[in-house]
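Enquirer: predicted model follows, preceded by the sequence.
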Amino acid sequence: MTGRQKEEIERLFQRYGAGVGNYVLARLGDAELAEEITSRVFVKVVQRYEQCTHSPAGWLWSIVRTEILHYLRERKGGAETEFEPADARPTPPERAAASEMHLRMREALEQLSPEKQQLVYMKYFQDMSHQEIAEATDKTVSNVGVSVFRALAELRALMEPAAKGIQ
Amino acid sequence: MKNPEIENAEADDDLLQFAAAFRQAKPVLPPAAMERVANAMRAEMAKRSPAAIPEPLSYVKFRVAAAALIAVGLALFWTLPRQSIPMVAVTPKRPEVRATYLVDVPRFPAPKPGAALLRTEEYESLFQ
């Protein structure tokens, strides 16, 4: 691994690291688990950096998605880790409300199609512009605009009871 | 001209509010956790830097063994006792024409008789 590659990976982490961590946390609901999965994601980034030839954001998403799916499949297969979801622990009312909302967010994100999950991840977790999303997904900017609108509308519908709480 | 759905989205205040609220409400992984993620990533990078990759021991051993074998072979070759043996060149069709000369060869392994025209004295008698 060359010094230049290391710098590129560091830049990738600075730009997208927090977004990946937050998205994984939103999907799995447990900070320790999210940290572990995010670590796996960036270790894979280092191990497979030669494979990143087109858009780093799009390539990173494919790793994030694969790692989350891998974990969920393992869990369904009976190899569930013994973490206690944060939402299940007794909390003060405001934390309980936030936990309830995060739970609905998690369920809603899980129900979106992979394409819409990607758009929500890029738009609301990575704060990417429509132009950047268009480059990462090989779509036109106007197409991205329409797709983000639809994904957001669906997300709101899925989170309806909690959506009123967060507005 | 703008896409009507984008215009709708802009017009849909509720949806815009929801988008803003969603951004605010999303869970955040603590900075300390992100720092540990960064450390794990950097440790992996350090493992993959050329200076950190040790040469496989078996390969080192193989090279040392090969070098030692070559050295022993050369030493044996140069220290072998040598002898000068007379060689006689004969022409099968004209056995009376022959030439004898000395050839410097190792004692061991013993020289094989020449396949075609070179014969040792021992074999010379066969042609006489």
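Expert: Thanks, I have it. Numbering: from 1, shown residues only, chains lettered A, B, ... in the order given.
Enquirer: tell me the secondary structure of the residue nearest the centre of chain A, please.
Expert: Closest residue to the average C-alpha location of chain A: residue A:23 at 3.0 Å, with C-alpha atoms, centre = their mean. Put simply, residue A:23 is helix when judged by DSSP: H, G, I helix; E, B strand; the rest coil.
Enquirer: report pLDDT for it.
Expert: Looking at residue A:23, its pLDDT stands at 94.
Enquirer: show the pLDDT at the residue nearest to it when sequence neighbours are not counted.
Expert: Spatial nearest neighbour of residue A:23, excluding adjacent residues (C-beta to C-beta, 6 or more residues apart in numbering or on different chains): residue A:125 at 4.2 Å. Bear in mind the C-beta positions are built from the backbone N, C-alpha and C, glycine included. Per-residue pLDDT puts residue A:125 at 93.
Enquirer: dump the residue contacts of residue A:125.
Expert: Applying C-beta atoms under 8 Å, 6 or more residues apart in numbering or on different chains, we find residue A:125 in contact with A:19, A:20, A:22, A:23, A:26, B:26.
Enquirer: how much space separates the fifth one from residue B:68?
Expert: If you measure residue A:26 against residue B:68 using C-beta to C-beta, to the nearest Å, the figure is 62 Å.
Enquirer: look at the two and report which has more neighbours.
Expert: Neighbours per residue, other C-beta atoms under 10 Å in any protein chain shown: of residue A:26 and residue B:68, the larger number sits with residue A:26, 23 against 10.
Enquirer: shaky segments in chain A?
Expert: Applying pLDDT under 70 to chain A picks out residues A:77-95, A:161-167.
Enquirer: hmm, 50 instead?
Expert: For chain A, the stretches flagged by pLDDT under 50 are A:79-88.
Enquirer: check chain B too.
Expert: Where chain B drops to pLDDT under 50, the residues are B:1-2, B:4, B:7, B:115-117, B:119.
Enquirer: try 70 this time
Expert: For chain B, counting by pLDDT under 70, the residues that fall below are B:1-11, B:52-57, B:83, B:85-95, B:97-98, B:101-128.
Enquirer: would you map the helices across it?
Expert: B:4-11, B:13-25, B:31-47, B:57-79, B:121-124 (DSSP state H).
Enquirer: so is the third one next to chain A?
Expert: Yes. In terms of C-beta under 8 Å from any C-beta of the partner chain, part of helix B:31-47 sits within range of chain A, namely B:33, B:34, B:36, B:37, B:38, B:40, B:41, B:44, B:45.
Enquirer: what is the burial count for the nearest residue to residue A:48 once chain neighbours are set aside?
Expert: Residue nearest to residue A:48 in three dimensions, not counting chain neighbours: residue A:63, with 7.7 Å by C-beta to C-beta, 6+ apart. Using other C-beta under 10 Å, residue A:63 is surrounded by 19 other residues.
Enquirer: list the buried residues for the strand or helix carrying residue A:63?
Expert: Using DSSP states H and E, residue A:63 sits within helix A:56-76. Across helix A:56-76, burial judged by 16 or more other C-beta atoms under 10 Å in any protein chain shown covers A:56, A:57, A:58, A:59, A:60, A:61, A:63, A:64, A:65, A:67, A:68, A:71.
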